[in-house]
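Enquirer: have a look at this prediction, sequence included:
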Amino acid sequence: MKTIMLVCSAGMSTSLLVTKMEKAAEEKGLEAKIFAVAEAEAANHLDEIDVLLLGPQVRFLEGNMKKKLEPKGIPLAVINSVDYGMMKGDKVLDQALDLMK
């Protein structure tokens with residue numbers, strides 16, 4: 001079971017993407033816990049995740065989050081803007097899985 005956290009401004013725009021990612025994981029036969037939080041809540045969940053994906057609108061958090069996650073060995077990336085905008089759950093899931101290899 002892998003745990004993937006998505007972070008956006010309010011945690012709402014990524015909730016549809018989470019649903020699409022969950023569907024893509026199910027189709028691949030993967031067990032994954034995928035959830036979205038607002039940027040203000042992100043720090044509360046850093047000990048429970050395997051990977052963190054930032055929504056394009058909060059890419060400015062990348063440097064600060066890397067400082068917190070690198071010592072824990074947790075990968076982080078900004079979600080591709082096109083995949084995010086088109087809500088391509090399968091592509092974003094693949095991005096998360098690639099980071100965890």
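Expert: It's in. Numbers count the residues shown, from 1 in each chain.
Enquirer: what's the neighbour count on residue 77?
Expert: Per other CB atoms under 10 Å, the neighbour tally for residue 77 reads 17. C-beta here means a position set from N, CA and C on the backbone, and glycine is covered the same way.
Enquirer: residue 12 too?
Expert: Residue 12 - counted by other CB under 10 Å - has 10 other residues nearby.
Enquirer: so what's it up against?
Expert: By CB atoms under 8 Å, 6 or more residues apart in numbering, the contact set of residue 12 is residue 36.
Enquirer: could you rerun that using 10 Å?
Expert: Listed by CB atoms under 10 Å, 6 or more residues apart in numbering, the contact partners of residue 12 are 36, 38.
Enquirer: okay, and residue 35 sits in which element?
Expert: According to DSSP states H and E, residue 35 maps onto strand 32-38.
Enquirer: ranges for the helices of this structure?
Expert: Listed in chain order, the helices of the chain (DSSP state H) span 13-28, 62-69, 81-85, 89-99.
Enquirer: give me the contact list for the third one.
Expert: Counting contacts by CB under 10 Å, 6+ apart, the residues outside helix 81-85 that touch it are 6, 8, 13-14, 17, 53-57, 59, 78-79, 88-95.
Enquirer: could you check the angle helix 89-99 makes with the strand holding residue 35?
Expert: 100 degrees (axes from the mean of the first three to the mean of the last three CA atoms, to 10 degrees).
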